[in-house]
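>>> I need the structure of the sequence given here:
(2 chains)
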Amino acid sequence: MIVRGIAAFILAALLYAGFRPVGPVPPLGPLLDPANGAWAGAAATTFRGVQSLSIPGLSKPVRVVFDDRGVPHIFAETELDAYRALGFVGARDRLFQMEAQTRAASGRLSEWAGPRVLVADKEARSLGLAWAAERKLAAYDTTSFGYRALVAYAGGVNSWISSMRPRDLPIEYRLLNARPITWEPLHSLFFLSRMSMTLGLNDATMKRLRAQSLVGVAAADALFPLNSPIQEPIQPNGLSGPRYDFSELPPPSTGDKSVATALRLQEKLLTTLARGGRTDGGDALGSNNWAVSPARSATGHALLAGDPHLELSLPSVWYEMHIVVPGKLDVAGVGFPGMPGVVIGFNRDVAWTFTNTGSDVSDYYAEAVDDSISPTRYLLDGSYRQLTKRIEEYRDAGGSVIATDTIYYTHRGPMQKVDDSWVSMRWTVYEPSREPDNFLALSATKSVDQWLDAMRSYVVPTQNGLVADRDGNIAIRSSGMYPVRPGDGRGDVIRDGSKSASDWTGQLPVERYPFARNPAQGFIASANQQPVDPAQNSAYMGSDWYSPWRGMRIASLLRSNPRVTPDDMREFQTDPGSARADAFVPLFLAAAAREDSASRGNNTLREAARLLAEWDRRYVKENRRAALFEAAMVELGRLTWDELAFPADTAGTPSFRLPESQVLLKLSQFGESVWWDNRKTPARENRDAIFAASLVSAHANLLKNKGPASSDGWLWSNTRHANIHHLLRIPAFSTLRVPVQGGPSTLNPSGGSGTSGASWRMVVELGPEIRAWGVYPGGQSGAPASGRYRDRLPRWALGQLDPILFPRKPEDLDRKRVISTLTLSPRSQ
Amino acid sequence: MNAFVKYLLLAEGFAVTTYGLGWWSVPIVAAMWSFFSKDAHRVRDAAIAAAAGWASLLLLDIWRGPVSTMADQLGALMGLPPFLLYLLTLLFPAVLAWCAGVIARRPVRSPVASAHSASS
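The predicted model follows:
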């Protein structure tokens, strides 16, 4: 009897642990079950041989051939069938990622992970990302091709979900004890909202206001200028090199305390918003693209290269595909899992890619409401208008409501409360635009002009769309909606929300977008820099531009090479050279020499300068001197911009983004500027003293933290890495500390966290037959145990590219390179 | 019936029902076996056969896909050496089957007692 009692107790415990999660341990039954659980799931990640399946919604059979890189080549008779099949195979490879992304955008992660992700959910909903996606969907003409493509794609995803065997459930769902949701077209738009937040939130208001409160308006405007002091614009300005505007910075003055309230509002808003925007400094992140005309190409054909940089993740943000619909579509490239179509890629006639423009497409308005606690109306032109109220409920995995928010919307967008004030936000993300239509249309274009036409109505996020065609044309246009503001037109202020006169008055016409087509210089390049020289077009488009260093480097490489090959293009993508290092290293060395000759040097300075002089200014992995330069640059910023430290900032170091290094270079032209003086010391420092002190300090820090200069601690490969986290940040599913070539401001920039980088690299040669190469840091499969989860990573880390197969029909594929074939046929519903 | 064949059939019974119904079928099969079998070691046999049945499925998985990678990853995630996960995969059905077998087993009468009962 006792034994039975014990057995019953153990059985009950095991059944409980089998069915229900215990603490962080997921239910053991479905996990350990070798027929349907995680082990079988591992086996199910390998697709081989020939498979057939019937799914509802298809009009004709679709054949999908997977090559040995895991890329599906989809051969369909209609475009909608192709996108339905793409939904099916995309979900088969990336279902968890698709749902995770859509949950992140719609603020529904807590339904998986409970209160610990509530903050992220609240941010997403208070920004109105889901609301924006719903607006976009509601504005769709349901008979339009774009809408039907979204529906077909969703149908394909759901066909996979309904045909999944228990073993096919991705491991992440098992760990979360969750089941996939039914996919809807809205979910694709959620993802776009999220991507727009990542790329389309570029607002320099906070840093400018902080500087203004400390050093006055004039100085703040000079430190965070609307226009970069170094112009190497995307739209060529007719010069054969960069244009420098090195006028002297006005001295710091008394801080402007009138901005304190606005600053407080901004701090709260932007601390939240910064999560979606750029936080790692202008020299650390950034995308590149460039194209050369046939005249500058070794093969006589136009060449195009692109490497969009994003937050790196496993699975990769991209999914590679090739779609063929005879007579209509033959396109290859990468798209976003969760969205139909190729976003960056090529067809038989045209190739294209994007970098982020980073224009200012959001504004804030101080609103006057009828009740600061529970507002129902807001003031506009002397009369009250009704606020739209949206109750946001946050649920946990069990479906219980764990929090509730009320989000109020004006005609501009969502409001947030800061202290006793309310601030609304207007953002182009909230426009009822149809970006999927634009991306889908690109795939079928046959010339540069058609491609540009297909992008005319594109809204957000603003993108430098680079395109080349087989006729040898190359072009770029910074596409997207640029709001036109009233008054001085600047978007880096908080406007009075009680007046409709504060609202946007329109948008720039496409004809005024930054643009170039077949420029005389024979190439076009973009690297997130200010897109147009203000001397040519002074319209306000933003102010938080990335530094021009990468743009300068690309232009320099292309100008010096009149016969560019596709392999040159590939090498440029991980080029270790740096225009920033070229600019600053001589300044450090000259300052050290002058200090030494003026008898203000010492052995430490001489040694530090000797070590820096050994550097060839290339951020290669085996180099031991780049670390010294980077440490010196950090010290230089800290010592120079001491005026921007708030009293509360630790050790007098400013706690927000400092002026960009091009402003520092500008200041460096004036050796006795008062900005060089370190206010914490009794002496009055000049440029040389600060440069020398920075170098000495950096040298000392490195010796202390990394050992002697000859040690491996100084190796660049031990200084910067790529850290590619799994979406759930599970270390076992992540790949961390990947050595990479490149540093801040190189074409393969590496930020301090290492979590951003080239999300896709592509080179296309537009000859009689298209040739293309590409790689991304990950693999086609989203299953961590799959051999295709991160099989491309080694080649990505080495800067190598894979040839992209581009067969016209299934039979054209080399049989040795086919790993499986899937035939999807129509099923009557 | 040959004992080995009996084992084999029982193990495959566990494997087939796990495949068709799910992991929770293990205690049900074990209970039925324990209830109907007259073998003195039927509970122990059920436990071993359940582990053997799952082992055969596991071997099939290993043959078909990257199970060792999954074991490494799950082991790292749970802070366990991978071999412990394999062991857990075999122990889990064994203990389930043993418990269910113990609960469901009927007392087995000895042949003498049976004969005495029949004659009276």
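>>> how deep is residue A:489 tucked in, by neighbour count?
A total of 13 residues lie near residue A:489 under the criterion other CB atoms under 10 Å in any protein chain shown. Glycine gets a C-beta too; all of them are placed from N, C-alpha and C.
>>> just checking, it touches residue A:539?
Yes. With contact defined as CB atoms under 8 Å, residue A:489 reaches residue A:539; the gap is 7.3 Å.
>>> low-confidence ranges, the chain, go.
You didn't pick a chain, so chain A it is. Along chain A, the parts satisfying pLDDT under 70 run over A:202-204, A:260-285, A:647-656, A:829.
>>> try again with chain B
B:1, B:108-120.
>>> where do the strands sit along chain B?
Assigned by DSSP state E, chain B shows no strands.
>>> got the residues of it near chain A?
B:15, B:18-19, B:22-24, B:27, B:54, B:57-58, B:60-62, B:64-67, B:69-70, B:72-78, B:85, B:88-89, B:92, B:95-96, B:98-100, B:102-103 (CB under 8 Å from any CB of the partner chain).
>>> which of the residues you listed fall within helices?
B:15, B:18-19, B:27, B:54, B:57-58, B:60-62, B:64, B:67, B:69-70, B:72-78, B:85, B:88-89, B:92, B:95-96, B:98-100, B:102-103 (DSSP state H).
>>> please report the number of neighbouring residues for the nearest residue to residue A:144 once chain neighbours are set aside.
Of all residues not flanking residue A:144 in the chain, residue A:437 sits nearest, at 7.0 Å (CB to CB, 6 or more residues apart in numbering or on different chains). Other residues within reach of residue A:437 by the criterion other CB under 10 Å amount to 21.
>>> just the buried ones from the ones in helices among the residues of chain B next to chain A, in ChimeraX syntax?
A single ChimeraX command is used to select the members of those judged buried by 16 or more other CB atoms under 10 Å in any protein chain shown:
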select /B:15,18,19,27,54,57,58,60,61,62,64,67,69,70,72,73,74,75,77,78,85,89,92,95,96,98,99,100,102,103
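>>> identify the residue of the stretch 501-650 of chain A closest to chain B, quick one.
Closest residue of the stretch 501-650 of chain A to chain B, CB to the nearest CB: residue A:621 (26.5 Å).
>>> just checking, what packs against the helix or strand harbouring the residue nearest to residue A:144?
Per DSSP states H and E: residue A:437 is located in helix A:435-442. Applying 3 or more CB pairs under 8 Å, 6 or more residues apart in numbering or on different chains; DSSP states H and E, one finds that helix A:435-442 contacts helix A:145-163, helix A:185-200, helix A:448-454.
>>> please identify the most buried of those.
For the helices and strands packed on helix A:435-442, the largest average neighbour count (mean count of other CB atoms under 10 Å in any protein chain shown) is found in helix A:185-200, namely a mean of 24.
>>> and stretch A:487-497, end to end?
Stretch A:487-497 has an end-to-end distance of 14 Å (CA to CA, to the nearest Å).
>>> count of residues packed around residue A:45?
Residue A:45 has 26 nearby residues by other CB under 10 Å.
>>> verify the stated contact: it with residue A:786.
Yes. Residue A:45 is within contact range of residue A:786, at 3.7 Å (criterion: CB under 8 Å).
>>> list residues touching both of those two?
Here residue A:45 and residue A:786 share the contacting residues residue B:66, scored by CB atoms under 8 Å, 6 or more residues apart in numbering or on different chains.
>>> so in chain A, which helix runs the longest?
The single longest helix within chain A, with elements called by DSSP H, is helix A:79-106.
>>> now the element after that helix, going C-ward?
For helix A:79-106, the following helix or strand on the C-terminal side (DSSP H and E) is helix A:110-113.
>>> dig out what residue A:362 forms beta bridges with.
Beta bridges link residue A:362 to residue A:427, judged by DSSP bridges.
>>> that one contacts residue A:430, correct?
No. The criterion here is CB under 8 Å, and residue A:362 misses it with residue A:430 at 9.3 Å.
>>> do I have it right that residue A:75 meets residue A:60?
No. Between residue A:75 and residue A:60 there is no contact under CB under 8 Å: 10.5 Å.
>>> neighbour count winner among these two?
For the pair residue A:75 and residue A:60, the greater number of neighbours falls to residue A:75 (24 against 11), based on other CB under 10 Å.
>>> centre of the chain to stretch B:79-96, how far?
Averaging C-alpha positions (CA atoms, centre = their mean, to the nearest Å) puts stretch B:79-96 14 Å from its chain's average.
>>> that should have said stretch A:72-84, apologies.
The chain centre lies 29 Å from the centre of stretch A:72-84; the measure is CA atoms, centre = their mean.
>>> partners of the nearest residue to residue A:51 once chain neighbours are set aside in the sheet?
Leaving out its chain neighbours, the residue that sits closest to residue A:51 by CB to CB, 6+ apart is residue A:822, at 4.9 Å. For residue A:822, the beta-bridge assignment (DSSP bridges) gives partners residue A:51, residue A:64.
>>> got it, and residue A:724?
With DSSP bridges as the rule, residue A:724 is bridged to residue A:735.
>>> for it, the count of nearby residues, please.
Residue A:724: 24 surrounding residues under other CB under 10 Å.
>>> next: residue A:120.
16.
>>> host element of it?
With DSSP H and E as criterion, residue A:120 is part of helix A:118-126.
>>> near chain B, which residues of the stretch 1-150 of chain A are found?
Where proximity means CB under 8 Å from any CB, the interface of the stretch 1-150 of chain A facing chain B comprises A:3-4, A:7-8, A:10-11, A:14-15, A:18-19, A:25, A:28-46.
>>> OK, contacts around residue A:588?
Residues near residue A:588 by CB under 8 Å, 6+ apart: A:609, A:612, A:629, A:632, A:691, A:694, A:695.
>>> let's verify it: helix, strand, or coil?
helix (DSSP: H, G, I helix; E, B strand; the rest coil).
>>> number of residues surrounding whichever residue of chain A sits closest to chain B?
Closest to chain B within chain A is residue A:43: 3.1 Å, counting by CB to the nearest CB. Neighbour count of residue A:43, defined by other CB under 10 Å: 19.
>>> phi, psi of the nearest residue to it once chain neighbours are set aside?
Distances taken as CB to CB, 6+ apart put residue B:65 closest to residue A:43, at 3.1 Å, once the chain neighbours are dropped. Main-chain dihedrals, residue B:65, degrees, to the nearest 10: phi -160, psi -180.
>>> assess the claim that residue B:65 and residue A:47 are in contact.
No. Using CB under 8 Å, residue B:65 is not in contact with residue A:47; the gap is 10.2 Å.
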